[in-house]
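K.L.:
build me a structure from this.
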Amino acid sequence: MDNAQTNDTSVPAATGLLAGKVAFITGAGRGIGAAAARLFAREGARVLLAARTEDQLKAVTEEIRAAGGAAGYAVCDLADAASVRAAVDRAVDLYGRLDIAFNNAATNVPPGPMDQVTEADLDHIYTVNLRGPWAAMAAQVAAIRSTAGTGAIVNNSSVGSLSGNPALPAYGAMKRAVNSLTESAAVTYGPEGIRVNAIAPGTTLTEMMRAWDDRSPGIIDRLNAHTPLRRAAGPDEIAQAAAWLLSDRASYVTGTVLPVDGGMQAV
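P.N.:
Below you'll find the predicted structure:
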């Protein structure tokens, strides 16, 4: 099943960080997910992009193919477990296997104190940011187990999950739950050679972050002032950390939540 056709000529097969691997990425139409899709392809992986918005998926997929990479996509809504399973199955159908997965997609709700979070918003962020990764991980473990046999999963958490988060209490709570899910999965599936880790990005220049800055003008500058590197990350910088954790170079790393935050947690 390793012989699924690929047109990846962007990196030598023996040198890419993710050479020979099939990668599944959620939220891959923009931001960190799109950066990850481009990076993973440059590093030799065959990638399956999943997200809700088909025109964004198509644009990133075509960009990767034009650069010589191997990419396909599946429209996927994390709020629908069947949709998530179908997207994972699409990767196996397309490439014959699944080796690695980056569960990046997430949503947010308006910032504000806990008593101002509506029940509907709480339900929505739970459905997408916690139940969605749970459904994705379950499908990914099954696919890895039945094809590649061993592999790795990285969940995208947040530095806002590592301490109290009064501005985004529901978002922080769901991401902290993702950390727990990550650790539990690492313990459960480690004996069969499936590693599970998470990254916890700090301030990152994505559409979600810019929308928060529009709603709360100056928030990016204030966060940067409390970051030792005094700047926000670009999406590619976050994707680089995920790529390393998914690669064989991180072969003895599992069950960790890695801050990628410019030193924010050290302050």
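
K.L.:
in the helix or strand hosting residue 125, what's buried?
P.N.:
In the assignment (DSSP states H and E), residue 125 maps to helix 119-126. By 16 or more other CB atoms under 10 Å, the buried positions in helix 119-126 come out as 121-122, 124-126. In this view, the C-beta of every residue, glycine as well, is placed from N, C-alpha and C.

K.L.:
what does stretch 188-199 give?
P.N.:
189, 194-199.

K.L.:
and the residue lying closest to residue 102 once chain neighbours are set aside, which of the three is it?
P.N.:
Spatial nearest neighbour of residue 102, chain neighbours left out: residue 25 (4.7 Å); criterion: CB to CB, 6 or more residues apart in numbering. Under DSSP: H, G, I helix; E, B strand; the rest coil, residue 25 falls in the strand class.

K.L.:
count of neighbours near residue 25?
P.N.:
Per other CB atoms under 10 Å, the neighbour tally for residue 25 reads 33.

K.L.:
cool, and residue 96?
P.N.:
As a burial measure, residue 96 scores 16 neighbours (other CB under 10 Å).

K.L.:
how near is it to residue 43?
P.N.:
According to CB to CB, to the nearest Å, residue 96 and residue 43 sit 19 Å apart.

K.L.:
and what of residue 114?
P.N.:
From residue 114 to residue 43 the distance is 41 Å (CB to CB).

K.L.:
any idea which strand is longest in the chain?
P.N.:
The single longest strand within the chain, with elements called by DSSP state E, is strand 194-201.

K.L.:
so what secondary structure elements neighbour that strand?
P.N.:
helix 132-146, strand 151-156, helix 169-189, helix 235-246, strand 257-260 (3 or more CB pairs under 8 Å, 6 or more residues apart in numbering; DSSP states H and E).

K.L.:
so how far is that strand off the chain centroid?
P.N.:
Distance of strand 194-201 from its chain centroid, counting by CA atoms, centre = their mean, to the nearest Å, is 9 Å.

K.L.:
buried stuff in the next helix or strand after that strand?
P.N.:
The C-terminal neighbour of strand 194-201 among helices and strands, as given by DSSP H and E, is helix 207-215. By 16+ other CB under 10 Å, the buried positions in helix 207-215 come out as 208-209, 212-213.
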